[in-house]
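J.: Sequence first, predicted coordinates after that:
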Number of protein chains: 2
Amino acid sequence: MLDPVIVHQLSAIVGNDNITTEKHDLICYGYDATQMEFLPSAVVHPANALETAAVLKLANQHKFPVFPRGAGSGFTGGSLPKSGGVVLVTTRMNRILRIDTENLIAEVEPGVITEDFQKEVEKLGLFYPPDPASLKFSTLGGNVAENAGGPRCVKYGVTRDFVMGLEIVLPTGEIIRTGTETYKAVVGYDLTRLLCGSEGTLGVITSITFKLLPLPDAKKTMLTIFDSIDGAARAVSTIIGNKIIPTTLEFMDYSTLQCVERRFNLGVPPEGRAVLLIEVDGDKDLIEKQADRIHDLIRPLGLVHFRAAKDAAESEALWKVRRLVSPSLRDVNPDKMNEDIVVPRSKVPDIIREIEKIQQKYDIPIVNFGHAGDGNIHVNVMINKEIPGQEEKANSAIREIFQATLDLHGTLSGEHGVGLAKQPFIEMELNPSQIAVMQSIKLALDPNNILNPGKIFPWKEFSDAA
Amino acid sequence: MLDPVIVHQLSAIVGNDNITTEKHDLICYGYDATQMEFLPSAVVHPANALETAAVLKLANQHKFPVFPRGAGSGFTGGSLPKSGGVVLVTTRMNRILRIDTENLIAEVEPGVITEDFQKEVEKLGLFYPPDPASLKFSTLGGNVAENAGGPRCVKYGVTRDFVMGLEIVLPTGEIIRTGTETYKAVVGYDLTRLLCGSEGTLGVITSITFKLLPLPDAKKTMLTIFDSIDGAARAVSTIIGNKIIPTTLEFMDYSTLQCVERRFNLGVPPEGRAVLLIEVDGDKDLIEKQADRIHDLIRPLGLVHFRAAKDAAESEALWKVRRLVSPSLRDVNPDKMNEDIVVPRSKVPDIIREIEKIQQKYDIPIVNFGHAGDGNIHVNVMINKEIPGQEEKANSAIREIFQATLDLHGTLSGEHGVGLAKQPFIEMELNPSQIAVMQSIKLALDPNNILNPGKIFPWKEFSDAA
């Protein structure tokens, strides 16, 4: 519990209407897309960087933790108030400050919804590619803090690749700008990219300067089904090896395909074992040529179905298949443990084979889909938590999947971050020297461990502020 | 001077053949592309990360500074042994360790020459775009340490955008890996990008994992001359605004044009005031279409000359014009003070106008060329150091150019870094809070200030190790 004097001081900073201490309200800010829940002592909604800075200065003075939060759509508990304290919500800072069509730059506040921003820039013929699945509700501040990805990243890169500069409130309460409005810039350390993916532990983002691209003229979507995982995987390497980098190369394994087919009866050929949803974008003539070339290239690889959308409506129908995946999965089992491992592109068949073995060993359904173009696979361990022991079995299976991923030179997370959910596994990927360097940076910027404490790393001697 | 016992210990680490303490040898490692010179006490050439680590551990034990150095081609003194101590040369670590054509990844040691690497990957149909002017002799380790750029960055991004992971020896001597072999990766802080552009102050790079691209099918080069700077600048915005992002958009102002014309008599029309050398690459048919479209788009902008290369030989002839710039400049005055400011693309005409005013005020020839596509202008203040007072006048002019750049939301350096040369100016761009955060990271990783001390920041209380 926070001292009433502190609550009073927080009210003075953000205004009485922008602080919550009632339990039924607090509950709403203690969960995210994981099933973890924690109760904060207060929730504040600052209007700007100055109020954010005042909250953090107060926190340093009285040593209470502050947990920055956007839409709370994270998959790893990164924004959750693990040790009580104050949740600092950025959603009031939700203005698009400017879109500079001459220099292809936009500046936004952190609370802007990703899709809202995309729609605004597209009205002006511009393009912000990163497209996390949560884009209809996630905030851009959260996207930067987690370095969000999405299907289009295989061609365009991740959120980090579009961040040119930030305004941040440091854990100690100073407001600084990082980066510049120019893409080339080498004066001092690259704090901008250090903040990207730092999961709200090194600063509260209060403004973001994004790089934009010209909106591609046209796109073309193709649904392709192969008689083996290897065929689909070879299709990915073959397409890229032939100098075509598609916008998306979305993969679904046989289990995923069965889930979708069972519900929606798409007419998948019985020999279909793996799906690739391929999209190319760019010059109208070029993409027609690329689509034909892709068809020729993948035909010998066990292709059993190929459908190219003729127009936007058909394209939308094909994408529907991809979007039906998540709702369909719960037919298998009610509870989903969702991981987002990455392996080098060529290792996708190997990791799928390893996962099949692990699935058989533990006798738990595992459903895989994701972004084959960059080797980023969403591994969904489908369990029924009401069956005793199943969650523990699933955790053992996940640990084995992570080990197989690392053995193939992969990483435990491509998009979701570590937060709390993957913290028990981080030492599988990072050794003590790597963790020590990262923690030393955290402590250099946040000597009182005020900002989002207890996340990412295994904090041993250094206990959380309370 | 180093204690002979330390010299002996260094010899034991790298072998007698790989340490130098003779003055005539030391001189060779005390300069770079600036005109600054310092004398180190010893030069070591470690064979690998382990030897590098041993040198740094010894340095921490005996508190002598270590200055990592690649080819010594830097423009800001970043590798110079300002306070004596040991220069650590990475050029023996010069192997391309692997090129993975399936995953479009390469792993190299830091001493590989940039162009050698480019040629090797191109043999396999792959592409490493960053192309600093020094590519024939600069090393990839130096490119990463400085986050090198080049003409092609407008389309493809800078060195940082191609670095997926590093092996580094920390200032304290631990060897760690950063990043992964996958492009998406969000486990822990992004040490990889923190190291890019940190100018050898946070770690010695002993291996680099690069992302590669498929080599574009074809390219098309166009020499275009405009009757005004504004015309050339509007050409840049117009081309990009019409969804064509050229590979290069190289700019030369009137003074540059005159220098080149005087020596090489290219037949520039008398009304020519600014050059854009434009290149597009990609699909063979698409680039022909883009070249035609570019011609149509720029025709109304005061275009007085347009020449598109028909083949590789003609393309090479057009690029020769660009490469003649540097040798031609010294006709104006023997000594060149070379800056590399960046402004937002649309502000190029504004900064050129400001520079003209400053040139008139100080009565010193200033010649501008560079990468107009990303607003990165090489400002060359041409002086004769034998004329008393001219260097001081040039320094005042440069300070005014920097201020004008910052007023236009630009940055003092796009490619060259800060090193020693721009250190007196860094406080014009970064405020004390920004510098304090950066210095706190330096001290967290290098508590004894062993590695490349005294660079980038104004080190006040914190004096150099001796």
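T.: Received it, and whenever you're ready, just let me know what you need.
J.: residue contacts, the residue lying closest to residue A:134 once chain neighbours are set aside?
T.: Closest residue to residue A:134 apart from its sequence neighbours, by Cβ to Cβ, 6 or more residues apart in numbering or on different chains: residue A:73 at 4.3 Å. C-beta: built from backbone N, CA, C; applies to glycine. Applying Cβ atoms under 8 Å, 6 or more residues apart in numbering or on different chains, we find residue A:73 in contact with A:32-33, A:134, A:137-138, A:142.
J.: does residue A:73 sit in a helix, a strand or a coil?
T.: Three-state assignment for residue A:73 (DSSP: H, G, I helix; E, B strand; the rest coil): coil.
J.: coming back round to it: looking at the contacts of residue A:73, which has the most residues close by?
T.: Ranked by the number of neighbours (other Cβ atoms under 10 Å in any protein chain shown), those place residue A:142 first, at 31 neighbours.
J.: Skipping adjacent residues, who's closest to it in space?
T.: Once flanking residues are discounted, residue A:142 sits nearest to residue A:70: 3.3 Å by Cβ to Cβ, 6+ apart.
J.: Next: residue A:263.
T.: Using Cβ to Cβ, 6+ apart, the nearest residue to residue A:263 is residue A:328, at 5.0 Å.
J.: Kindly confirm my reading that the one you found is in a strand.
T.: No: using three-state DSSP, the assignment for residue A:328 is helix, not a strand.
J.: In terms of pLDDT, where does it sit?
T.: What the model reports as pLDDT for residue A:328 is 83.
J.: neighbours around it, how many?
T.: Residue A:328 is flanked by 20 other residues according to other Cβ under 10 Å.
J.: if we can go back for a sec, show me what contacts the residue nearest to residue A:142?
T.: Contact analysis of residue A:70 by Cβ under 8 Å, 6+ apart lists A:79, A:89-91, A:110-111, A:138-139, A:141-142, A:145.
J.: again, 7 Å this time
T.: A:90-91, A:110-111, A:138-139, A:141-142 (Cβ atoms under 7 Å, 6 or more residues apart in numbering or on different chains).
J.: cool, residue A:368 as well?
T.: A:253, A:256, A:352, A:355, A:377-379.
J.: Now render these as TSV, adding neighbour count and pLDDT.
T.: Putting the contacts of residue A:368 into TSV (neighbours: other Cβ atoms under 10 Å in any protein chain shown; pLDDT from 0 to 100) gives the following:
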residue	neighbour count	pLDDT
A:253	23	93
A:256	25	91
A:352	22	94
A:355	23	96
A:377	26	96
A:378	24	94
A:379	25	96
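J.: Just the closest of these to residue A:123, please.
T.: Within the contacts of residue A:368, the smallest distance to residue A:123 is 31.3 Å, found for residue A:378 (Cβ to Cβ).
J.: Could you look up the SS state of that closest one?
T.: strand.
J.: can you pull out the strands in the stretch 351-466 of chain A?
T.: Taking DSSP state E, counting those that start in this stretch, the strands of the stretch 351-466 of chain A run over residues A:366-371, A:376-383.
J.: Surely residue A:243 is within a helix?
T.: No: counting by three-state DSSP, residue A:243 is not found in a helix; it is coil.
J.: which residue sits closest to it, ignoring its sequence neighbours?
T.: For residue A:243, the spatially nearest residue (Cβ to Cβ, 6+ apart) is residue B:214, at 3.9 Å.
J.: Can you give me the domain boundaries for chain A?
T.: Per automatic domain parsing, the domain ranges recorded for chain A read A:96-214, A:218-327, A:333-416.
J.: right, so of those domains, which gets closest to residue B:40?
T.: It is, among the domains of chain A and with distance given as Cβ to Cβ, domain A:96-214, at 24.7 Å.
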